[in-house]
Structure formats: structure tokens, C-alpha cells
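have a look; sequence and predicted model below, questions after that.
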Amino acid sequence: MSLKKYSFLRNNKISFKEYSLVPLRKSDIQNIRRWRNEQINVLRQKTLLSKNDQILYYENIIKKSFTKSHPDIVLFSFLYCKKCIGYGGLVHVNWKLKSGEVSFVCDTKISNSKKSYQSSFSIFLNLIFKIAFDEMKLNKITSEVFDIRPWTREILEKSGFNICDILKNHVMIEDKQIDSILYQKILRD
């Protein structure tokens with residue numbers, strides 16, 4: 001199976017030690033679906049994804065983004081020693097404003113371990129910064145985090161993100177109103 005590539009990127013593999021980002025591989029999508037379903041309470045996703053939902057999303061959205069010169073979504077498989085341990089990238093990319101929103105989901109086992117999650121998310125962010133700022137020439141990356149994810153907030157703040165807004169009681173999670181915290185990292189004005 002040939003590796004898909006984003007036509008607009010010079011480097012379709014960004015690595016740090018044993019970690020790497022490669023354009024989202026079809027072979028990883030069912031693990032990703034499982035992780036998303038297991039972690040649905042911290043995602044914007046409202047319903048469980050079926051195997052067919054995931055296939056259709058890959059075929060109709062992701063594959064088409066590989067050939068666009070300015071896709072609005074750029075997703076990667078996040079690998080450790082060539083094994084997929086998560087995925088993410090940039091969504092809601094606005095090429096005119098030079099901005100995008102970072103998205104990241106990892107294996108639920110990693111997500112449940114503070115040390116493993118923080119290490120993985122930190123490395124992921126450093127890799128995605130290379131793509132966003134060096135390759136795509138974006139000026140700003142945003143992120144939305146529900147206020148039940150302190151580990152995620154810590155890593156965003158250590159990685160140079162600043163809070164730009166707090167949406168009070170923005171989402172319902174397990175019958176509780178939860179704030180949504182909006183972050184941004186600006187490289188250039």
C-alpha cells in the first residue's frame with residue numbers, strides 16, 4: 001500500500017527520535033474510531049462512530065485533502081516506532097488568515113496516563129508546529145479544551161498557547177455544565 005501524501009507539503013514525514021507524523025493512513029482509521037468512541041466525553045463528537053462512518057470520512061474528506069493546494073483539514077497518523085498511537089493535525093484551516101485549529105486524539109491507554117499523555121502530546125505539538133509554521137506558513141494556531149482536561153491545558157500552556165476566551169457553561173458532559181477554554185498560539189502578527 002502506497003503512503004498518501006499532501007501535495008502542498010515539501011515534507012510529508014516529520015520526525016523526532018522514534019516519533020513521527022505522516023499523512024493519515026487508512027490502516028489507522030479503525031483504531032482512531034475506537035479511541036474517539038472511548039473518549040467521546042472530551043470531544044466535540046456527539047454520537048458513536050461506526051466502521052462505515054469512518055471509512056466514508058476517510059474516502060470523502062481525508063483522501064480529497066491530499067490533492068488540494070489549500071485544504072481546510074490536514075490530518076496525520078502520530079507514530080511511535082512506526083506504530084500509530086494517535087492522530088491529529090490542523091482543522092478549520094483558513095489560508096487567507098493563516099490560521100488553523102490543532103486537533104489531537106491518542107490511544108486511550110496513553111490518554112489515561114498523565115505522564116504518557118503529556119509526553120506524547122508535547123511531542124505531537126512540536127511536530128505539528130513544524131508543519132503549521134514552517135511548511136504551511138500559518139501565523140496562528142487555536143485550540144478548544146473542555147475544562148475537565150487539566151493535562152491538556154498544562155501542555156498547551158507550556159507549549160506557548162495563551163487563553164484567549166472562556167465560554168462559560170458551554171458544553172454538557174455527564175450532566176454537568178462545563179466551560180470551554182479557547183487557546184491560541186501566535187507566531188507572527
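Okay, I see it. Numbers count the residues shown, from 1 in each chain.

where does the chain have low pLDDT?
1-3, 188-189 (pLDDT under 70).

biggest helix in it, by residue count?
For the chain, the helix with the greatest residue count under DSSP state H is helix 114-129.

quick check: buried residues in that one?
Of all the residues in helix 114-129, those buried under the rule 16 or more other CB atoms under 10 Å are 117, 118, 120, 121, 123, 124, 125, 127, 128, 129. Using the backbone N, CA and C atoms, a C-beta is placed for each residue, glycine as well.

can you redo those as TSV with distance to residue 154?
As requested, these are arranged in TSV below (distance: CB to CB, whole Å):
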residue	distance to residue 154
117	10
118	7
120	13
121	9
123	15
124	14
125	12
127	19
128	17
129	17
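
wait, which of those is closest to residue 17?
residue 123 (8.1 Å; CB to CB).

which parts of the protein are strands?
All strands of the chain, identified by DSSP state E, fall at 14-16, 19-23, 73-80, 83-94, 99-106, 140-146, 162-173, 176-186.

of all the ones you listed, which one is nearest residue 4?
Between the strands of the chain, strand 19-23 lies closest to residue 4; by CB to CB that is 4.8 Å.

what's the closest one packed up against?
On a contact count with 3 or more CB pairs under 8 Å, 6 or more residues apart in numbering; DSSP states H and E, strand 19-23 meets strand 14-16, strand 73-80, helix 114-129.

about what we covered before: pick the most buried one from the strands of the chain.
strand 73-80 (a mean of 23; mean count of other CB atoms under 10 Å).
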